[in-house]
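Peer 1: I'll drop the sequence and a predicted model, then ask my questions.
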Amino acid sequence: MDNYIVSARKYRPSTFRSVVGQKSLTTTLKNAIQSNKLAHAYLFCGPRGVGKTSCARIFAKTINCLNPTADGEACNACESCRAFNEQRSYNIHELDAASNNSVDDIRTLIDQVRIPPPIGKYKVFIIDEVHMLTTAAFNAFLKTLEEPPHHALFILATTEKHKVLPTILSRCQIYDFSRISIADMVEHLQYVSSQEGVTAEPEALNVIAQKADGGMRDALSIFDQVVSFTNGNITYQAVIDNLNVLDYEYYFRLTDAILSGNVRASLLILNEILGKGFDGQNIITGLAGHFRDLLVCRDESTLVLFEVGASIRERYKEMAKHCPDQLLFKAIELANTCDLNYRASRNKRLLLELTLIQLCQLTQVAVDDKKKALIEPIAGTNPSSQAVNSGQPQQPPQAPSVTAAAGAPQVMSTHMPSSVPAPPPSTAPNPARKTARPMGISMKEIGVEKPKQQTVQQATTNVKEVVTPFDNDSLVREWDNYAATIDKKVYLKNTMINCKPTLQENYYFEVAVHNPGQQEELINNAIHILPFLRQHLNNSRIQMRVRIVEGNEKHLAYTSTEKLELLMKINPNLGRLRDEFNLTLD
């Protein structure tokens, strides 16, 4: 017991080669040592437990080694290396900036910088958690950091680079340490297990690596904890029990219930999980991560984003085959929304259950969408036959959206069949209009140019095309017939009575209106007008253009500047009068 050392210290890297998951950084440092191109200040930054301080110590030992190896490693045999390994070296000084963050501490450090090293070339100062220094301490350190003695070298380490002053950053070579990948951590944990005589399942080590969140020190600490719990036999079940990690099996069971739309089964599984003491937010975040893993498993190119053991990977790939992409997208969105609302919810369990119910309904929605996609409209059918074939009432189509682009005619497309039943007769009750639409022009529209001509066309894809020639008289007759059926839409009816269509080429017809209000009214109701005309004229290619008559499209109030310009055109003397007396408009 007296000689026991935790794994995080016992297996701490002592050479660049033994550093886990930072190959690019260690290679850069070794090359700098071999080429004798050393900076006077380095900044090592990155998450906790990824090797910043360890690399700083290795770097300090190596640059002072009297007999470095050919690959840039310390020999561990010379006097300098032995002194470092025995923790009696006077060449390397470590300062904890969290507890030594004042100006006086920095002044003491500066006094030590002046003393040359007794052995070796460099005197190295490692300042850990450098972001904890006060602003005054940073400022006191600036001059020494910028122009230190030739024998002094500084290595600063921090987990929060954004808190370090920019003036400090500009004086250092910055090395960003990345999180250690799960594969690298599992490999290192297997090595530690073999050295300690511990048997460990790969899935168990994978869970430990995921729990460590990219930090090797955390992974080794968890490893020691689990070894004590299992007495040297690490299994997957023992790890999830000891670390309070939710088993994959629960997520697979929930996914099966969701895919089958079984609400009762999903609620019972949730109750079972909560009964084991798991926090609700951990459940929903884990479920969102589970759906994300299923999504990346659906494509071979994204499998690299999924870091688990081989057996679990195959099970995920098999489950992913039964999960459509759209369902997974929506499931991730619902789970993420639940996660965001969890803390604010007063009834957290109800929120979880409601989310599971919504997830179970996703498969039913997908089935309904497929059924709707199988129903294809047939051109040329009369309203009575459609009423017989349709078991449910059709919902009214939405009006096409209009986006005005100045100076160019616009095309609005809405996907709907070419033959649609005629609007109900005037005796049928129509829903009341929420607000009466203004007949004139609002103040906000003054000065806004609208396109003089807009084209309304409705796509007739997947519909049998019917093209029967017709003349302008037939077009006007059916136009009037439709106007006679819309007694409740007074403004539209008056517009259709006063503005007659004119047949153009390729079964286009043009309607010349007098103001933008009439143009907008026709465009908004084109989704009803065009199907009526196509059905009664037996032609699915009919399209409509709406044009404002020249001279009527712009009846806007003159601004003061426009009034002056108009008067100056009538009487040029006004312009000379303005220039002579330097007059301006207020």
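Peer 2: In hand now; what should we look at?
Peer 1: Strands of the stretch 201-350 of the chain, start to end?
Peer 2: 233-234 (DSSP state E, counting those that start in this stretch).
Peer 1: All the helices of it, residue numbers only.
Peer 2: For the stretch 201-350 of the chain, the helices defined by DSSP state H, counting those that start in this stretch occupy 202-212, 216-230, 236-242, 248-259, 263-275, 280-296, 310-320, 325-342, 348-374.
Peer 1: which ones are touching the residue nearest to L305 when sequence neighbours are not counted?
Peer 2: Leaving aside its chain neighbours, L305 sits nearest to V296 (4.6 Å; criterion: CB to CB, 6 or more residues apart in numbering). Every residue, glycine included, has its C-beta placed from N, CA and C. V296 makes contacts with T302, L303, L305, F306, as judged by CB atoms under 8 Å, 6 or more residues apart in numbering.
Peer 1: Nearest approach to Q518 belongs to which of the helices of the stretch 201-350 of the chain?
Peer 2: Q518 sits nearest to helix 348-374 of all the helices of the stretch 201-350 of the chain, at 35.6 Å, using CB to CB.
Peer 1: Strands of this structure, start to end?
Peer 2: Using DSSP state E, the strands of the chain run over residues 41-45, 92-96, 123-128, 152-158, 173-176, 199-200, 233-234, 411-412, 453-456, 501-503, 508-513, 543-548.
Peer 1: Arrange the ones you listed in a markdown table, one row each, with mean pLDDT, mean neighbour count and distance to I523 as further columns.
Peer 2: Output for the strands of the chain, formatted as a markdown table (pLDDT from 0 to 100; neighbours: other CB atoms under 10 Å; distance: least, CB to CB, whole Å):
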| stretch | mean pLDDT | mean neighbour count | distance to I523 |
| --- | --- | --- | --- |
| strand 41-45 | 93 | 23 | 59 |
| strand 92-96 | 88 | 18 | 73 |
| strand 123-128 | 91 | 23 | 69 |
| strand 152-158 | 92 | 25 | 62 |
| strand 173-176 | 92 | 15 | 56 |
| strand 199-200 | 89 | 19 | 70 |
| strand 233-234 | 88 | 18 | 70 |
| strand 411-412 | 40 | 14 | 7 |
| strand 453-456 | 61 | 20 | 6 |
| strand 501-503 | 91 | 18 | 14 |
| strand 508-513 | 90 | 18 | 10 |
| strand 543-548 | 89 | 21 | 6 |
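Peer 1: between those, which gets nearest to G277?
Peer 2: The nearest among the strands of the chain, by CB to CB, is strand 233-234 at 22.2 Å.
Peer 1: which residues are in contact with that closest one?
Peer 2: Residues contacting strand 233-234 (CB under 8 Å, 6+ apart): S193, V198, T199, A200, E201, A204, L205, V226, V227.
Peer 1: From those residues, list just the buried residues.
Peer 2: S193, V198, A200, E201, A204, L205, V226, V227 (16 or more other CB atoms under 10 Å).
Peer 1: gap between the residue nearest to the spatial centre of the chain and L327?
Peer 2: By CA atoms, centre = their mean, the mean C-alpha position of the chain lies nearest to E333, the distance being 10.9 Å. Distance of E333 to L327, computed by CB to CB, to the nearest Å: 11 Å.
Peer 1: intersection of neighbour lists for the two?
Peer 2: In contact with both E333 and L327: no residue, using CB under 8 Å, 6+ apart.
Peer 1: Can you show me the helices along the stretch 1-150 of the chain?
Peer 2: 7-10, 23-34, 52-63, 79-85, 103-113, 135-146.
Peer 1: what would those helices look like in CSV with distance to L503?
Peer 2: Listed next are these as CSV, based on distance: least, CB to CB, whole Å:
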stretch, distance to L503
helix 7-10, 86
helix 23-34, 73
helix 52-63, 79
helix 79-85, 96
helix 103-113, 90
helix 135-146, 80
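Peer 1: So for T235, which of these sits nearest?
Peer 2: helix 7-10 (18.7 Å).
Peer 1: Give me the pLDDT for E146.
Peer 2: Note on E146: pLDDT of 87.
Peer 1: That one - how many residues pack around it?
Peer 2: 13 (other CB atoms under 10 Å).
Peer 1: residues in contact with it?
Peer 2: Applying CB under 8 Å, 6+ apart, the residues near E146 are R171.
Peer 1: From R171, how far out is it?
Peer 2: E146 is 5 Å from R171, by CB to CB.
Peer 1: Which neighbours do the two have in common?
Peer 2: Common neighbours of E146 and R171 (CB under 8 Å, 6+ apart) do not exist.
Peer 1: For the strands of the chain, give me a markdown table that also has distance to N76.
Peer 2: Output for those, formatted as a markdown table (distance: least, CB to CB, whole Å):
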| stretch | distance to N76 |
| --- | --- |
| strand 41-45 | 22 |
| strand 92-96 | 15 |
| strand 123-128 | 17 |
| strand 152-158 | 20 |
| strand 173-176 | 24 |
| strand 199-200 | 30 |
| strand 233-234 | 32 |
| strand 411-412 | 78 |
| strand 453-456 | 82 |
| strand 501-503 | 95 |
| strand 508-513 | 88 |
| strand 543-548 | 85 |
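Peer 1: Out of the buried ones among the contacts of strand 233-234, flag the one nearest to E272.
Peer 2: For these, the nearest to E272 is A204 (22.6 Å; CB to CB).
Peer 1: quick one on the thing from earlier: could you identify the most distant pair in the contacts of strand 233-234?
Peer 2: E201 and V227 (13.2 Å).
Peer 1: before we move on, back to that, closest one to T355 among the helices of the stretch 1-150 of the chain?
Peer 2: helix 7-10 (38.8 Å).
Peer 1: The closest one - contacts with which helices or strands?
Peer 2: Secondary-structure packing of helix 7-10 (3 or more CB pairs under 8 Å, 6 or more residues apart in numbering; DSSP states H and E): helix 216-230.
Peer 1: who does the helix it packs on touch, helix- and strand-wise?
Peer 2: helix 7-10, helix 182-196, helix 202-212, helix 236-242.
Peer 1: Report the buried residues of the shortest one.
Peer 2: Same thing as helix 7-10. S7, A8.
Peer 1: Tally up the residues packed near A83, please.
Peer 2: 19.
Peer 1: for the residue nearest to it when sequence neighbours are not counted, what are its contacts?
Peer 2: What sits nearest to A83 in space, not counting adjacent residues and going by CB to CB, 6+ apart, is S89, at 4.1 Å. Neighbour list for S89: N64, S80, A83, I119 [criterion: CB under 8 Å, 6+ apart].
Peer 1: My guess is Q190 contacts N206. True?
Peer 2: No. Counting by CB atoms under 8 Å, Q190 stays clear of N206, with 10.7 Å between them.
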